[in-house]
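Enquirer: when you get a sec, could you give me coordinates for this:
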Amino acid sequence: MKQTIKILMFISIVVLTMVGCKKIIKHEQHGWVITADPKTSTISIAKDGLDKIVDQVHLNLKKDNIVSLLSGWTISEKNGEEFIINTEKPKRTKWEFKITDLAIDIVCSNEDGVITGIAPAGEKRIPARIESQNNGIMYTQMGFVSATNIYNLFDMQTDIMIEFTEESKLTRNKKDNSLMEIQVPVTTGNEFSIIKEYYTDVVGLSNNQKTDFKPVYKPISDRFKTAPTGWSSWYCYYMSPVQEDLVAETDALADKLKPYGLVYVQLDAAYTRGKEANWLEWNKEMYPKGGKWWFDHVRKKGLKPGLWMNAYGANYAKPSMADKYPENYFLRDSLGHLSGCCCSADTTVVRLDVTNPEVIEKHIKPLFKTLVNDWGFAYIKAGGWGTWMDYYEKNRKNAYNPNMDSRAAYISVIAAIREELGDDNYILGCAMHEIGLGFDYFDGSRTGGDDYANWKGENHWSDGMNTCFDSLFGENWLNGICWWSDPDDIMIRDPLNMEEAKTIVSTISLSGQAYIISDFIAEFSNKRLQNFLHSKYHIGWAKQYPDKVKALPDEKIELYRKTMPSMPIKAMDLYPFRSKAAFRPKPTEYPRALDLKVNAESGIYDVVALYNWGDEKAKKVLDMNKDLGLENKTDYLVYDFWNQNLLKISDNIINEEIPAHGTKDLIIRKVTKNPQLLATSRHLTGAYSIKEMNWNSEKKSLTGTSKTVPGDKYTLFLYVPENYEFDNAKINAENVTNKTNSNNILEVSFTGTEEPVEWEIEFKD
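Expert: Reported below is the predicted structural model:
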């Protein structure tokens, strides 16, 4: 049930029987601890489970944008429930507070009353928007950010939403970005609310289960600071990748994308095909040197190996950890028949009975101990779509322990895998029954159906890459909050055109969700190509587009290079976008734009993908104040990342023509008096490569440190105001060049090195 505790911002109240007391008074009621100090004229408020909500709270009057602090407090009790603060200086005012189980309201005798204070807003208490604020733009965040239209804070540890009034102004404290400076005008009806069990009950985790299992909110673990960046074999090779394919792709990935942040190489289901194959002994025809050999090859290339596995099954005739398993290790139907595990290469992998604790102790744990300790296993895509639970529900009378809840049985396997993988190896979940199954254990999870390498699934049962967008937008509210969401694999090869490809890579990059690609990266020899196209096994997409099976061209590889790896980005809109909290969300429409708000070493700015989802080119408009929450009456620079030019804007309105299915990726920064960085050539967010940056006003120089790709050209794009002129570039790298383009954009380029590059750009006026 939604529980709302309404408070009119920063209540200062204490139960006192004396008037004019100067002692610090602590009042505890309904789990609230309210501390008032009449001597300093300040209040702080804490709540059970939430700790301190606000601190250094002052009562003020605000007239013509001038805030006057009120002092000379006296505090009194009224009827045992209301509390009154009277002020004497510089003006007499009366502030009435009412405390109930659900609310603390405040009324000031002066219409100019305003409350100021400090609210903790660190990594675990984040700015947030709720569904009523949906303006057609999706917000994400990286670092300690704020905006003019953000007046909520979500406490990730407790699943509590703190809602300030819409008139509130929350801005980051310049000295300590983990704090918010808060200003709230106090008028009739002005209040803020605390919503308990926000994810569990309000958004609706608990409304989507198929059994009595109730998913309960759990905050994301600290095991991984970002979503994974990697490659999957599935949407390229489907059920037909052979050893030669894996080696070729691994080598190409190490050469072309590892330097740009790609980490994982994941093989899908094909390796367990055949009666002799199991999780450790792979199909000898397809993988003659075996799985461990390929794992070693991946690791030698500096990458991390992973597998798709349906861990709820095993080869019946030849299981992995013994010559033969007891019959009660397997789950049978009412006729005593075994059943094939979902999504495996064939029916040789059959369902285990995981209600039998020996299956966990003698199969699951030893299997993963071997994979991790002997093979160097680093990533599992825990496949199967959770169908084991459905089968068990229908056949539980045949199970070892038919009284075990299906969800508890499912989680027992994931818990055992988590135990063996430890904190350094990644678990991607794939249980699709209800959102929340696997919280705590999964580092990330699939959040939708299978996609496909064309735009809308033409001549295919899927909706193509639109399936990916459905999941990405519909489930972004979970990303970085409960786990790292996986909208399914990213693909940009033909028949997807360059505009569609830019839309795909910019959206995944600015969302911070799992960046797992599934394109052909390696060049094909004619023999390898023919072997693949004429495989006796399922080749999926290639059957429809045989002429398009080729290595991704350089221009599209470059799109990956400029948007990888995944960055530490989490959701700010904590609600399903134009959809419901359920697996396979189907938004009624996609966002007009995706706005990543950034506070990093590279500065404080926004990166916005402005979309055209239509089938024809069209003009698209953004109001930077109303749509993006940027400050009104402030000048901004709007830089087009892909086209490398400044846009002309009027009255902070962006009005641009966007190609069909395309996007313009815009970096928006406040205009400053001095030269400033606009972007780098390395990463769309601008934040990946910049490790340090400072403006020296005395020397008139911008200094910084950049992480670069060895041998790769790296460019800083800077805006130089009219009253400055470029003078010199001091950079500890080779091939340093500079040029000034139109619109006062200075490009400074150099060749990347193994070690971070220190640079200094000097100017004169």
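Enquirer: and the longest strand for this structure?
Expert: What stands out as the longest strand in the chain, according to DSSP state E, is strand 51-63.
Enquirer: skip ahead from that one and say which helix or strand is next.
Expert: strand 66-69 (DSSP states H and E).
Enquirer: my guess is residue 309 contacts residue 382, does it?
Expert: Yes: Residue 309 is within contact range of residue 382, at 6.6 Å (criterion: CB atoms under 8 Å). Every residue, glycine included, has its C-beta placed from N, CA and C.
Enquirer: who has more neighbours, these two?
Expert: Just comparing residue 309 and residue 382: by other CB atoms under 10 Å the higher neighbour count belongs to residue 309, 27 against 24.
Enquirer: what's near enough to touch that one?
Expert: Going by CB atoms under 8 Å, 6 or more residues apart in numbering, residue 309 touches 279, 380, 381, 382, 383.
Enquirer: mind doing that once more with 10 Å?
Expert: Residue 309 makes contact with 267-269, 271-272, 279, 341, 344, 349, 367-368, 371, 377, 380-384, 417, 430, according to CB atoms under 10 Å, 6 or more residues apart in numbering.
Enquirer: hang on, the earlier thing: pull out the buried positions in the longest strand of the chain.
Expert: 53, 54, 55, 56, 57, 58, 59, 60, 61, 62 (16 or more other CB atoms under 10 Å).
Enquirer: mind listing the strands that strand pairs with, and their directions?
Expert: strand 42-47 (antiparallel), strand 66-69 (antiparallel), strand 113-120 (antiparallel) (DSSP bridges).
Enquirer: now the strands for the stretch 651-765 of the chain?
Expert: Per DSSP state E, counting those that start in this stretch, the stretch 651-765 of the chain carries strands over the ranges 653-658, 663-670, 676-680, 690-696, 701-706, 713-719, 725-731, 737-740, 745-751, 757-764.
Enquirer: what's the fifth one packed up against?
Expert: Packed against strand 701-706, as judged by 3 or more CB pairs under 10 Å, 6 or more residues apart in numbering; DSSP states H and E, are the following elements: strand 676-680, strand 690-696, strand 713-719, strand 725-731, strand 757-764.
Enquirer: pick the most deeply packed of these.
Expert: strand 676-680 (a mean of 22; mean count of other CB atoms under 10 Å).
Enquirer: distance between that strand and the chain's centre?
Expert: 24 Å (CA atoms, centre = their mean, to the nearest Å).
Enquirer: hey, C-alpha coordinates of that strand in CSV?
Expert: C-alpha atoms of strand 676-680 as CSV (Å, rounded to 0.1, in the frame of the first residue of the first chain):
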residue,chain,number,x,y,z
GLN,A,676,35.9,25.8,-22.3
LEU,A,677,35.8,22.2,-23.4
LEU,A,678,32.8,21.2,-25.6
ALA,A,679,33.5,17.6,-26.3
THR,A,680,36.2,15.0,-27.1
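Enquirer: averaged pLDDT, it. What do you get?
Expert: For strand 676-680, the mean per-residue pLDDT is 98.
Enquirer: next structured bit after the lowest-mean-pLDDT helix or strand in the chain?
Expert: Here the helix or strand of the chain ranked lowest by mean pLDDT, DSSP states H and E is strand 3-7, holding a mean of 39. Of the helices and strands lying after strand 3-7 in sequence (DSSP H and E), the nearest is strand 25-29.
Enquirer: what lines up beside that following strand in the sheet?
Expert: Applying DSSP bridges, one finds strand 25-29 paired with strand 32-37 (antiparallel).
Enquirer: could you list the paired strands of the helix or strand that contains residue 314 along with their orientation?
Expert: Element membership for residue 314, per DSSP H and E: strand 313-315. Sheet pairing for strand 313-315, assigned by DSSP bridges, gives strand 349-351 (antiparallel).
Enquirer: residues touching the helix or strand just after the strand it pairs with, excluding its own?
Expert: The first helix or strand that comes after strand 349-351 along the chain, using DSSP H and E, is helix 357-359. The contact list for helix 357-359 (CB under 10 Å, 6+ apart) reads 312, 314, 325-326, 328-331, 352-353, 364-365, 400-401, 409, 412-413, 416.
Enquirer: what are the buried residues along helix 357-359?
Expert: Applying a neighbour-count criterion of 16+ other CB under 10 Å, one finds residue 359 buried in helix 357-359.
Enquirer: again, but for stretch 294-304
Expert: Within stretch 294-304, the residues that count as buried by 16+ other CB under 10 Å are 294, 295, 297, 298, 299, 301, 303, 304.
Enquirer: show me what contacts the second one?
Expert: Under the criterion of CB under 10 Å, 6+ apart, the contact partners of residue 295 comprise 265, 267, 304, 305, 306, 307, 371, 374, 375, 376, 377, 378.
Enquirer: the third one bridge partners, please.
Expert: Partner residues in beta bridges with residue 304: residue 264, with DSSP bridges as the criterion.
Enquirer: who touches it in this structure?
Expert: Each residue near residue 304 by CB under 10 Å, 6+ apart is listed here: 228, 230, 262-266, 295, 298, 376-379, 424-426.
Enquirer: neighbour-wise, which of these leads?
Expert: Going by other CB under 10 Å, residue 230 tops the contacts of residue 304 with 30 neighbours.
Enquirer: wait, it touches residue 521, no?
Expert: No: using CB atoms under 10 Å, residue 230 is not in contact with residue 521; the gap is 11.8 Å.
Enquirer: common neighbours of these two, please.
Expert: Counting by CB under 10 Å, 6+ apart, the residues touching both residue 230 and residue 521 are 253, 257, 262.
Enquirer: give me the secondary structure label for the closest residue to the second one other than its chain neighbours.
Expert: Spatial nearest neighbour of residue 257, excluding adjacent residues (CB to CB, 6 or more residues apart in numbering): residue 560 at 6.1 Å. What DSSP: H, G, I helix; E, B strand; the rest coil gives for residue 560 is helix.
Enquirer: for residue 560, give its distance to residue 361.
Expert: Distance, residue 560 to residue 361, by CB to CB, to the nearest Å: 42 Å.
Enquirer: between those two, which one's more packed in?
Expert: residue 560 (26 against 11).
Enquirer: list the contacts for the more buried one?
Expert: 229, 231, 256-257, 260-262, 490, 492, 501, 505, 509, 515, 517, 519, 521, 552.
Enquirer: redo that, cut-off 7 Å
Expert: Counting by CB atoms under 7 Å, 6 or more residues apart in numbering, residue 560 makes contact with 257, 260, 505, 517.
Enquirer: any idea how far the closest residue to the last one other than its chain neighbours is from residue 532?
Expert: So that's residue 517. Leaving out its chain neighbours, the residue that sits closest to residue 517 by CB to CB, 6+ apart is residue 490, at 4.8 Å. Relative to residue 532, residue 490 is positioned 21 Å away (CB to CB).
Enquirer: who has more neighbours, those two?
Expert: Using other CB under 10 Å as the criterion, residue 490 and residue 532 rank with residue 490 on top: 28 against 22.
Enquirer: where does this structure dip in pLDDT?
Expert: Residues of the chain meeting the criterion pLDDT under 70: 1-21, 77-80, 102-104, 188-191, 208-211, 431.
Enquirer: again, only using 80
Expert: Residues of the chain meeting the criterion pLDDT under 80: 1-22, 27-32, 34, 77-83, 98-104, 187-193, 206-214, 431-434.
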